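>>> next input, structure requested:
(one chain, ligands or ions: 2)
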Amino acid sequence: MLFIRMLRRVGQSPACGRWAPVLPVRFLGVSPRQIPADANFHSVSFPGTDHPRVLITGGLGQLGVGLANLLRKRFGKDNVVLSDIRKPPDHVFHSGPFIYSDILDYKNLREIVVNNRITWLFHYSALLSAIGEANVSLARAVNITGLHNILDVAAEHNLRLFVPSTIGAFGPTSPRNPTPDLCIQRPRTIYGVSKVHAELMGEYYHYRYGLDFRCLRYPGIISADSQPGGGTTDYAVRLFHDAAKHGKFECNLEARTRLPMMYIDDCLRATLEVMEAPAESLSMRTYNVSAMSFTPEELAQEVLKHVPEFQITYNVDTVRQAIADSWPMKFDDSNARKDWGWKHDFDLPELVTTMLNFHGSETRVAQAN
Ligand SMILES: NC(=O)C1=CN([C@@H]2O[C@H](COP(=O)(O)OP(=O)(O)OC[C@H]3O[C@@H](n4cnc5c(N)ncnc54)[C@H](O)[C@@H]3O)[C@@H](O)[C@H]2O)C=CC1
Ligand SMILES: CC(=O)[C@H](N)C(=O)O
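Ligands and ions are numbered 1, 2, ... in the order given. Take a look at the predicted model:
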(Lines give C-alpha, C1' and ligand atoms only; values in the text may rest on other atoms or scores of the structure.)
(Ligands and ions follow the chains in the order given, each with its own letter.)
Protein backbone atom coordinates (compact mmCIF):
# COMPACT_ATOMS: atom_id res chain seq x y z
CA MET A 1 0.00 0.00 0.00
CA LEU A 2 2.76 2.34 1.01
CA PHE A 3 4.60 1.37 -2.15
CA ILE A 4 1.57 2.17 -4.33
CA ARG A 5 1.15 5.56 -2.64
CA MET A 6 4.83 6.23 -3.23
CA LEU A 7 4.53 5.43 -6.90
CA ARG A 8 1.78 8.01 -7.20
CA ARG A 9 4.16 10.59 -5.77
CA VAL A 10 6.43 10.55 -8.76
CA GLY A 11 7.62 13.64 -10.49
CA GLN A 12 10.09 14.57 -13.17
CA SER A 13 13.54 14.84 -11.67
CA PRO A 14 14.79 18.29 -12.65
CA ALA A 15 18.32 16.97 -12.58
CA CYS A 16 18.20 14.19 -15.09
CA GLY A 17 14.99 14.76 -16.99
CA ARG A 18 13.76 11.23 -16.22
CA TRP A 19 10.78 10.05 -14.20
CA ALA A 20 11.97 9.00 -10.77
CA PRO A 21 10.49 8.27 -7.34
CA VAL A 22 10.90 11.21 -4.99
CA LEU A 23 12.25 9.27 -2.01
CA PRO A 24 15.07 6.83 -1.44
CA VAL A 25 14.03 3.21 -1.54
CA ARG A 26 15.05 2.86 2.16
CA PHE A 27 11.75 4.56 3.04
CA LEU A 28 9.73 1.83 1.35
CA GLY A 29 10.93 -0.91 3.62
CA VAL A 30 10.68 -1.64 7.31
CA SER A 31 13.58 0.63 8.14
CA PRO A 32 13.24 2.52 11.43
CA ARG A 33 13.63 5.57 9.25
CA GLN A 34 10.39 4.81 7.38
CA ILE A 35 8.35 7.91 6.81
CA PRO A 36 4.68 8.30 5.88
CA ALA A 37 4.36 8.62 2.12
CA ASP A 38 2.15 11.69 2.38
CA ALA A 39 4.59 13.63 4.56
CA ASN A 40 5.87 16.89 3.14
CA PHE A 41 9.57 16.46 2.36
CA HIS A 42 10.28 19.76 0.74
CA SER A 43 12.42 22.32 2.45
CA VAL A 44 10.69 25.23 4.11
CA SER A 45 10.86 28.60 2.44
CA PHE A 46 12.18 31.44 4.56
CA PRO A 47 10.27 34.68 4.28
CA GLY A 48 12.54 37.69 4.02
CA THR A 49 15.72 35.83 3.03
CA ASP A 50 17.04 33.66 0.24
CA HIS A 51 20.05 32.55 2.23
CA PRO A 52 20.59 28.85 2.68
CA ARG A 53 20.69 27.49 6.23
CA VAL A 54 23.92 25.54 6.36
CA LEU A 55 25.19 22.59 8.42
CA ILE A 56 28.87 21.55 8.30
CA THR A 57 29.70 18.09 9.69
CA GLY A 58 33.20 17.25 10.93
CA GLY A 59 33.74 20.99 11.14
CA LEU A 60 36.65 21.05 13.60
CA GLY A 61 39.15 19.44 11.24
CA GLN A 62 41.64 21.14 8.93
CA LEU A 63 39.01 22.60 6.59
CA GLY A 64 35.73 23.11 8.47
CA VAL A 65 36.38 26.28 10.46
CA GLY A 66 37.71 28.07 7.35
CA LEU A 67 34.63 26.97 5.41
CA ALA A 68 32.35 28.24 8.20
CA ASN A 69 34.12 31.62 8.15
CA LEU A 70 33.70 31.93 4.38
CA LEU A 71 30.04 30.87 4.42
CA ARG A 72 29.21 33.12 7.37
CA LYS A 73 30.58 36.12 5.49
CA ARG A 74 28.31 35.25 2.59
CA PHE A 75 25.14 34.02 4.30
CA GLY A 76 25.30 35.57 7.78
CA LYS A 77 26.79 34.23 10.99
CA ASP A 78 23.65 32.59 12.34
CA ASN A 79 22.84 30.80 9.08
CA VAL A 80 25.88 28.52 9.31
CA VAL A 81 25.98 25.79 11.97
CA LEU A 82 29.34 24.12 12.58
CA SER A 83 29.28 20.63 14.12
CA ASP A 84 31.64 17.89 15.26
CA ILE A 85 32.03 15.23 17.95
CA ARG A 86 34.95 17.13 19.51
CA LYS A 87 34.88 20.06 21.93
CA PRO A 88 35.42 23.35 20.09
CA PRO A 89 38.16 25.78 21.14
CA ASP A 90 36.90 29.06 22.64
CA HIS A 91 37.42 31.20 19.54
CA VAL A 92 35.41 28.74 17.40
CA PHE A 93 32.65 28.37 19.98
CA HIS A 94 32.22 32.16 20.16
CA SER A 95 32.40 32.77 16.40
CA GLY A 96 28.95 31.37 15.54
CA PRO A 97 26.53 28.46 16.13
CA PHE A 98 28.25 25.22 17.13
CA ILE A 99 26.47 21.95 17.84
CA TYR A 100 27.39 18.34 18.72
CA SER A 101 26.71 16.01 15.84
CA ASP A 102 27.80 12.39 15.43
CA ILE A 103 27.13 11.34 11.85
CA LEU A 104 26.73 7.74 13.00
CA ASP A 105 23.62 8.81 14.94
CA TYR A 106 20.85 9.27 12.38
CA LYS A 107 18.26 10.55 14.86
CA ASN A 108 20.67 13.21 16.10
CA LEU A 109 21.36 14.28 12.49
CA ARG A 110 17.67 14.50 11.68
CA GLU A 111 16.94 16.56 14.80
CA ILE A 112 19.66 19.03 13.88
CA VAL A 113 18.43 19.38 10.31
CA VAL A 114 14.82 19.87 11.44
CA ASN A 115 15.47 22.13 14.44
CA ASN A 116 17.83 24.38 12.50
CA ARG A 117 15.79 24.31 9.28
CA ILE A 118 18.91 23.27 7.36
CA THR A 119 18.81 23.54 3.56
CA TRP A 120 22.48 23.00 2.59
CA LEU A 121 24.77 20.36 4.08
CA PHE A 122 28.57 20.26 3.75
CA HIS A 123 29.69 16.82 4.85
CA TYR A 124 33.31 17.06 6.05
CA SER A 125 33.49 14.24 8.64
CA ALA A 126 35.98 11.55 7.59
CA LEU A 127 39.06 9.59 8.56
CA LEU A 128 41.82 10.52 6.10
CA SER A 129 44.19 8.21 4.21
CA ALA A 130 47.01 7.44 6.66
CA ILE A 131 44.88 7.40 9.81
CA GLY A 132 42.28 5.30 7.98
CA GLU A 133 44.86 2.60 7.22
CA ALA A 134 45.71 2.54 10.94
CA ASN A 135 42.03 2.11 11.88
CA VAL A 136 40.15 0.42 9.07
CA SER A 137 36.95 -0.50 10.93
CA LEU A 138 36.45 3.03 12.27
CA ALA A 139 37.22 4.48 8.83
CA ARG A 140 34.68 2.12 7.30
CA ALA A 141 32.04 3.15 9.85
CA VAL A 142 32.61 6.92 9.63
CA ASN A 143 33.32 7.15 5.89
CA ILE A 144 30.76 4.64 4.63
CA THR A 145 28.00 4.12 7.23
CA GLY A 146 28.17 7.81 8.15
CA LEU A 147 27.86 8.75 4.48
CA HIS A 148 24.72 6.61 4.16
CA ASN A 149 23.14 8.55 7.04
CA ILE A 150 24.08 11.83 5.39
CA LEU A 151 22.62 10.80 2.02
CA ASP A 152 19.38 9.69 3.64
CA VAL A 153 18.91 12.79 5.76
CA ALA A 154 19.72 14.97 2.73
CA ALA A 155 17.24 13.12 0.51
CA GLU A 156 14.58 13.08 3.21
CA HIS A 157 14.79 16.84 3.77
CA ASN A 158 15.54 17.89 0.19
CA LEU A 159 18.94 19.38 1.07
CA ARG A 160 21.64 20.49 -1.34
CA LEU A 161 24.54 18.24 -0.36
CA PHE A 162 28.29 18.76 -0.78
CA VAL A 163 30.59 15.78 -0.15
CA PRO A 164 34.32 16.22 -0.81
CA SER A 165 36.20 13.47 -2.56
CA THR A 166 39.95 13.38 -3.10
CA ILE A 167 42.93 12.54 -5.31
CA GLY A 168 42.91 9.42 -3.09
CA ALA A 169 39.86 8.13 -4.97
CA PHE A 170 42.27 6.99 -7.70
CA GLY A 171 44.75 4.13 -7.55
CA PRO A 172 47.78 2.57 -9.20
CA THR A 173 45.84 1.51 -12.31
CA SER A 174 44.46 5.03 -12.93
CA PRO A 175 46.26 7.29 -15.41
CA ARG A 176 48.44 9.43 -13.11
CA ASN A 177 49.76 12.29 -15.22
CA PRO A 178 47.26 13.75 -15.80
CA THR A 179 44.28 12.06 -14.13
CA PRO A 180 40.97 12.90 -15.86
CA ASP A 181 37.54 12.97 -14.22
CA LEU A 182 36.44 9.71 -15.76
CA CYS A 183 38.91 6.84 -15.72
CA ILE A 184 39.70 3.62 -13.83
CA GLN A 185 39.27 4.10 -10.05
CA ARG A 186 40.70 1.20 -8.07
CA PRO A 187 42.17 2.83 -4.92
CA ARG A 188 44.01 0.60 -2.43
CA THR A 189 43.19 2.49 0.79
CA ILE A 190 39.99 2.27 2.82
CA TYR A 191 39.85 6.07 2.51
CA GLY A 192 39.96 5.89 -1.29
CA VAL A 193 37.46 3.03 -1.45
CA SER A 194 35.05 4.95 0.80
CA LYS A 195 35.39 8.09 -1.33
CA VAL A 196 34.68 6.23 -4.59
CA HIS A 197 31.66 4.78 -2.79
CA ALA A 198 30.57 8.28 -1.78
CA GLU A 199 30.93 9.57 -5.35
CA LEU A 200 28.89 6.69 -6.76
CA MET A 201 26.21 6.71 -4.06
CA GLY A 202 25.80 10.49 -4.29
CA GLU A 203 25.43 10.31 -8.06
CA TYR A 204 23.04 7.38 -7.72
CA TYR A 205 20.83 9.35 -5.30
CA HIS A 206 20.98 12.28 -7.71
CA TYR A 207 19.86 10.34 -10.78
CA ARG A 208 17.46 8.05 -8.91
CA TYR A 209 15.84 10.47 -6.44
CA GLY A 210 16.83 13.95 -7.65
CA LEU A 211 19.12 14.66 -4.69
CA ASP A 212 21.11 17.82 -5.40
CA PHE A 213 24.49 16.14 -4.79
CA ARG A 214 27.69 18.04 -5.60
CA CYS A 215 31.19 16.69 -5.15
CA LEU A 216 34.73 17.97 -5.76
CA ARG A 217 37.83 15.82 -5.68
CA TYR A 218 40.23 17.94 -3.65
CA PRO A 219 44.02 17.73 -3.99
CA GLY A 220 46.13 17.83 -0.80
CA ILE A 221 45.04 21.02 0.97
CA ILE A 222 47.58 23.38 2.51
CA SER A 223 46.49 25.68 5.31
CA ALA A 224 48.34 27.95 7.71
CA ASP A 225 46.10 28.22 10.76
CA SER A 226 44.67 24.68 10.95
CA GLN A 227 46.37 21.32 11.31
CA PRO A 228 45.93 18.35 8.95
CA GLY A 229 44.08 15.31 10.31
CA GLY A 230 46.24 12.30 9.35
CA GLY A 231 46.70 12.28 5.58
CA THR A 232 49.47 11.47 3.12
CA THR A 233 49.83 15.09 1.97
CA ASP A 234 50.25 16.42 5.54
CA TYR A 235 54.01 16.92 5.03
CA ALA A 236 53.34 19.96 2.85
CA VAL A 237 51.54 21.69 5.74
CA ARG A 238 54.08 20.77 8.44
CA LEU A 239 57.05 21.80 6.28
CA PHE A 240 56.11 25.50 6.54
CA HIS A 241 55.67 25.40 10.28
CA ASP A 242 59.06 23.70 10.79
CA ALA A 243 60.84 25.91 8.21
CA ALA A 244 59.67 29.09 9.97
CA LYS A 245 60.24 27.78 13.48
CA HIS A 246 63.35 25.57 13.21
CA GLY A 247 64.80 26.25 9.73
CA LYS A 248 64.69 22.53 8.96
CA PHE A 249 62.20 19.77 8.20
CA GLU A 250 62.22 15.96 8.14
CA CYS A 251 59.99 14.77 5.30
CA ASN A 252 58.16 11.42 5.42
CA LEU A 253 57.81 11.16 1.62
CA GLU A 254 60.60 10.69 -0.93
CA ALA A 255 62.06 13.84 -2.52
CA ARG A 256 60.58 13.11 -5.97
CA THR A 257 57.00 12.28 -4.93
CA ARG A 258 54.77 14.48 -7.07
CA LEU A 259 51.22 15.17 -5.83
CA PRO A 260 48.48 17.68 -6.69
CA MET A 261 48.11 20.35 -3.99
CA MET A 262 45.95 23.43 -3.36
CA TYR A 263 45.94 26.38 -0.97
CA ILE A 264 42.95 26.33 1.38
CA ASP A 265 41.48 29.64 0.11
CA ASP A 266 41.20 28.18 -3.40
CA CYS A 267 39.71 24.96 -2.03
CA LEU A 268 37.00 26.68 -0.01
CA ARG A 269 36.17 29.12 -2.82
CA ALA A 270 35.84 26.18 -5.26
CA THR A 271 33.47 24.53 -2.79
CA LEU A 272 31.24 27.60 -2.51
CA GLU A 273 31.35 28.19 -6.27
CA VAL A 274 30.24 24.67 -7.19
CA MET A 275 27.45 24.86 -4.59
CA GLU A 276 26.23 28.15 -6.08
CA ALA A 277 26.58 27.04 -9.71
CA PRO A 278 23.25 26.76 -11.57
CA ALA A 279 22.29 23.08 -11.81
CA GLU A 280 22.09 23.32 -15.61
CA SER A 281 25.79 24.29 -15.81
CA LEU A 282 26.85 21.02 -14.15
CA SER A 283 27.39 18.36 -16.81
CA MET A 284 28.64 16.04 -14.04
CA ARG A 285 28.16 15.81 -10.28
CA THR A 286 31.77 14.91 -9.33
CA TYR A 287 34.61 17.12 -10.56
CA ASN A 288 38.40 17.16 -10.20
CA VAL A 289 39.71 20.56 -9.07
CA SER A 290 43.34 21.45 -9.36
CA ALA A 291 45.82 24.23 -8.71
CA MET A 292 49.46 23.02 -8.67
CA SER A 293 51.57 19.87 -8.45
CA PHE A 294 54.97 19.66 -6.77
CA THR A 295 57.45 17.32 -5.09
CA PRO A 296 58.97 17.83 -1.61
CA GLU A 297 62.22 18.73 -3.37
CA GLU A 298 60.55 21.46 -5.46
CA LEU A 299 58.69 22.82 -2.43
CA ALA A 300 61.96 22.98 -0.47
CA GLN A 301 63.64 24.84 -3.38
CA GLU A 302 60.90 27.47 -3.31
CA VAL A 303 61.13 27.81 0.48
CA LEU A 304 64.94 28.24 0.20
CA LYS A 305 64.36 31.45 -1.79
CA HIS A 306 62.89 32.96 1.41
CA VAL A 307 64.69 31.01 4.15
CA PRO A 308 68.28 30.53 2.85
CA GLU A 309 69.34 28.40 5.84
CA PHE A 310 66.42 25.94 5.34
CA GLN A 311 67.37 22.25 5.30
CA ILE A 312 65.20 19.29 4.33
CA THR A 313 66.03 15.68 5.23
CA TYR A 314 64.11 12.51 4.41
CA ASN A 315 62.89 9.70 6.68
CA VAL A 316 60.35 7.87 4.55
CA ASP A 317 57.18 6.40 6.05
CA THR A 318 56.56 3.30 3.94
CA VAL A 319 52.78 3.33 4.41
CA ARG A 320 52.42 6.94 3.28
CA GLN A 321 54.92 6.46 0.45
CA ALA A 322 53.00 3.48 -0.94
CA ILE A 323 49.80 5.52 -0.82
CA ALA A 324 51.40 8.54 -2.52
CA ASP A 325 52.92 6.34 -5.24
CA SER A 326 49.43 5.14 -6.18
CA TRP A 327 47.87 8.63 -6.37
CA PRO A 328 47.65 11.10 -9.27
CA MET A 329 50.69 13.27 -9.94
CA LYS A 330 48.68 15.87 -11.79
CA PHE A 331 44.93 16.44 -11.95
CA ASP A 332 43.03 17.29 -15.15
CA ASP A 333 40.28 19.68 -14.03
CA SER A 334 39.29 20.97 -17.47
CA ASN A 335 35.62 20.03 -16.94
CA ALA A 336 35.36 22.18 -13.78
CA ARG A 337 36.99 25.08 -15.66
CA LYS A 338 34.66 24.67 -18.63
CA ASP A 339 31.36 23.97 -16.82
CA TRP A 340 31.31 26.39 -13.89
CA GLY A 341 34.35 28.61 -14.48
CA TRP A 342 36.78 27.17 -11.92
CA LYS A 343 40.09 29.07 -11.77
CA HIS A 344 42.72 28.81 -9.05
CA ASP A 345 44.51 31.87 -7.64
CA PHE A 346 47.50 30.27 -5.86
CA ASP A 347 50.45 28.67 -7.65
CA LEU A 348 53.58 27.48 -5.84
CA PRO A 349 55.30 30.90 -5.44
CA GLU A 350 52.16 32.58 -4.01
CA LEU A 351 51.53 29.59 -1.75
CA VAL A 352 55.04 29.72 -0.29
CA THR A 353 54.98 33.48 0.28
CA THR A 354 51.57 33.33 1.94
CA MET A 355 52.43 30.39 4.18
CA LEU A 356 55.80 31.79 5.27
CA ASN A 357 54.28 35.21 5.95
CA PHE A 358 51.71 33.61 8.22
CA HIS A 359 54.19 31.41 10.10
CA GLY A 360 56.85 34.15 10.16
CA SER A 361 54.48 36.63 11.78
CA GLU A 362 53.29 33.94 14.19
CA THR A 363 56.89 33.13 15.18
CA ARG A 364 57.74 36.83 15.62
CA VAL A 365 54.67 37.29 17.88
CA ALA A 366 55.70 34.23 19.94
CA GLN A 367 59.28 35.53 20.29
CA ALA A 368 58.06 38.98 21.36
CA ASN A 369 55.89 37.50 24.17
N1 LIG B 1 42.54 18.11 4.07
C2 LIG B 1 42.78 17.62 2.86
O3 LIG B 1 43.92 17.71 2.33
C4 LIG B 1 41.69 16.97 2.10
C5 LIG B 1 40.45 16.75 2.65
N6 LIG B 1 39.47 16.12 1.91
C7 LIG B 1 38.18 15.86 2.52
O8 LIG B 1 37.65 17.04 3.11
C9 LIG B 1 36.94 16.71 4.30
C10 LIG B 1 37.49 17.52 5.47
O11 LIG B 1 38.85 17.23 5.59
P12 LIG B 1 39.70 17.67 6.86
O13 LIG B 1 39.10 18.85 7.51
O14 LIG B 1 41.10 17.74 6.38
O15 LIG B 1 39.56 16.38 7.77
P16 LIG B 1 40.02 16.21 9.30
O17 LIG B 1 40.49 14.82 9.47
O18 LIG B 1 40.96 17.30 9.68
O19 LIG B 1 38.66 16.43 10.09
C20 LIG B 1 37.63 15.48 10.06
C21 LIG B 1 36.68 15.75 11.22
O22 LIG B 1 35.69 14.72 11.22
C23 LIG B 1 35.32 14.55 12.58
N24 LIG B 1 34.66 13.25 12.81
C25 LIG B 1 35.23 12.02 12.94
N26 LIG B 1 34.27 11.11 13.24
C27 LIG B 1 33.09 11.77 13.27
C28 LIG B 1 31.75 11.38 13.52
N29 LIG B 1 31.42 10.11 13.83
N30 LIG B 1 30.78 12.32 13.47
C31 LIG B 1 31.08 13.60 13.16
N32 LIG B 1 32.34 14.04 12.93
C33 LIG B 1 33.33 13.13 12.97
C34 LIG B 1 36.65 14.65 13.36
O35 LIG B 1 36.41 14.94 14.72
C36 LIG B 1 37.36 15.76 12.60
O37 LIG B 1 37.20 17.01 13.23
C38 LIG B 1 37.10 15.19 4.49
O39 LIG B 1 35.95 14.54 4.01
C40 LIG B 1 38.29 14.85 3.64
O41 LIG B 1 38.22 13.54 3.14
C42 LIG B 1 39.68 15.68 0.64
C43 LIG B 1 40.91 15.85 0.07
C44 LIG B 1 41.98 16.57 0.70
C1 LIG C 1 44.57 14.23 -0.25
C2 LIG C 1 43.73 13.82 0.90
O3 LIG C 1 42.63 13.36 0.70
C4 LIG C 1 44.23 13.94 2.29
N5 LIG C 1 44.98 15.14 2.51
C6 LIG C 1 45.14 12.76 2.59
O7 LIG C 1 46.35 12.90 2.34
O8 LIG C 1 44.62 11.72 3.02
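>>> okay, helices next: where are they in this structure?
Using DSSP state H, the helices of the chain run over residues 2-8, 64-75, 90-93, 106-115, 129-134, 136-140, 146-156, 190-209, 235-246, 264-276, 296-304, 318-325, 334-340, 348-368.
>>> nearest residue to the closest residue to ligand 2 within the stretch 151-300 of the chain in space, please, no chain neighbours.
Nearest residue of the stretch 151-300 of the chain to ligand 2: residue 231, at 2.4 Å (C-beta to the nearest ligand atom). (Each C-beta comes from the backbone N, C-alpha and C, glycine too.) Closest residue to residue 231 in three dimensions, ignoring its sequence neighbours and counting by C-beta to C-beta, 6 or more residues apart in numbering: residue 128, at 4.0 Å.
>>> neighbours of residue 78, how many?
12 (other C-beta atoms under 10 Å).
>>> which ones are touching the closest residue to it other than its chain neighbours?
In this structure, residue 78 finds its nearest non-sequential neighbour in residue 97, 6.3 Å apart by C-beta to C-beta, 6+ apart. By C-beta atoms under 8 Å, 6 or more residues apart in numbering, the residues touching residue 97 are 77, 78, 80, 81, 82, 116.
>>> of these, closest to ligand 2?
When these are ranked by distance to ligand 2 (C-beta to the nearest ligand atom), residue 82 comes first, at 20.2 Å.
>>> tell me if I'm right that the closest one and residue 56 touch.
Yes - using C-beta atoms under 8 Å, residue 82 makes contact with residue 56 at a distance of 5.2 Å.
>>> which neighbours do those two share?
Shared contacts of residue 82 and residue 56, defined by C-beta under 8 Å, 6+ apart, comprise 64, 68.
>>> what is the burial count for residue 92?
Residue 92: 18 surrounding residues under other C-beta under 10 Å.
>>> from residue 120, how far off is the nearest residue to it once chain neighbours are set aside?
Counting by C-beta to C-beta, 6+ apart, residue 92 lies nearest to residue 65, which is 5.7 Å off, once chain neighbours are set aside. Counting by C-beta to C-beta, to the nearest Å, the separation of residue 65 from residue 120 is 17 Å.
>>> ligand 1 contacts on the chain?
Residues of the chain found near ligand 1 (C-beta under 6 Å from any ligand atom) are 57-58, 60-64, 84-86, 101-104, 124-126, 128, 142, 146, 164, 166, 218, 220-221, 228-229, 231, 233.
>>> tell me the pLDDT of the residue in the stretch 151-300 of the chain positioned nearest to ligand 1.
For the stretch 151-300 of the chain and ligand 1, the shortest gap (C-beta to the nearest ligand atom) falls at residue 229, measuring 2.3 Å. Here, the pLDDT recorded for residue 229 equals 93.
>>> for the nearest residue to it once chain neighbours are set aside, phi and psi?
Distance criterion C-beta to C-beta, 6+ apart; nearest residue to residue 229, sequence neighbours excluded, is residue 61 at 4.8 Å. Note on residue 61: backbone dihedrals following degrees, to the nearest 10 are phi -80, psi -160.
>>> disregarding residues adjacent in the polypeptide, which is nearest to residue 331?
Nearest residue to residue 331 in three dimensions, chain neighbours excluded: residue 290, at 3.8 Å (C-beta to C-beta, 6+ apart).
>>> from residue 162, how far off is the one you found?
Separation of residue 290 from residue 162 (C-beta to C-beta): 18 Å.
>>> which of those two has more neighbours?
residue 290 (27 against 24).
>>> that one: what's it in contact with?
219, 260, 262, 330, 331, 332, 333, 344.
>>> same check, this time on residue 346
Contacts here follow C-beta under 8 Å, 6+ apart; on that basis residue 346 touches 262, 263, 265, 266, 291, 292, 354.
>>> so how many other residues sit close to residue 339?
Residues lying near residue 339 (other C-beta under 10 Å) number 15.
>>> hang on, it packs against residue 283?
Yes - counting by C-beta under 8 Å, residue 339 touches residue 283, with 5.4 Å between them.
>>> mean pLDDT added to the helices of the chain, as CSV?
Shown next, in CSV, are those (pLDDT from 0 to 100):
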stretch, mean pLDDT
helix 2-8, 34
helix 64-75, 98
helix 90-93, 98
helix 106-115, 98
helix 129-134, 98
helix 136-140, 98
helix 146-156, 98
helix 190-209, 98
helix 235-246, 96
helix 264-276, 98
helix 296-304, 98
helix 318-325, 98
helix 334-340, 98
helix 348-368, 80
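>>> any chance of those helices in JSON lines, with distance to ligand 2 too?
JSON lines is the format used below for the helices of the chain (distance: least, C-beta to the nearest ligand atom, whole Å):
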{"stretch": "helix 2-8", "distance to ligand 2": "38"}
{"stretch": "helix 64-75", "distance to ligand 2": "14"}
{"stretch": "helix 90-93", "distance to ligand 2": "21"}
{"stretch": "helix 106-115", "distance to ligand 2": "23"}
{"stretch": "helix 129-134", "distance to ligand 2": "3"}
{"stretch": "helix 136-140", "distance to ligand 2": "11"}
{"stretch": "helix 146-156", "distance to ligand 2": "15"}
{"stretch": "helix 190-209", "distance to ligand 2": "6"}
{"stretch": "helix 235-246", "distance to ligand 2": "9"}
{"stretch": "helix 264-276", "distance to ligand 2": "11"}
{"stretch": "helix 296-304", "distance to ligand 2": "14"}
{"stretch": "helix 318-325", "distance to ligand 2": "8"}
{"stretch": "helix 334-340", "distance to ligand 2": "17"}
{"stretch": "helix 348-368", "distance to ligand 2": "15"}
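>>> give me whichever of the ones you listed is most buried.
helix 146-156 (a mean of 23; mean count of other C-beta atoms under 10 Å).
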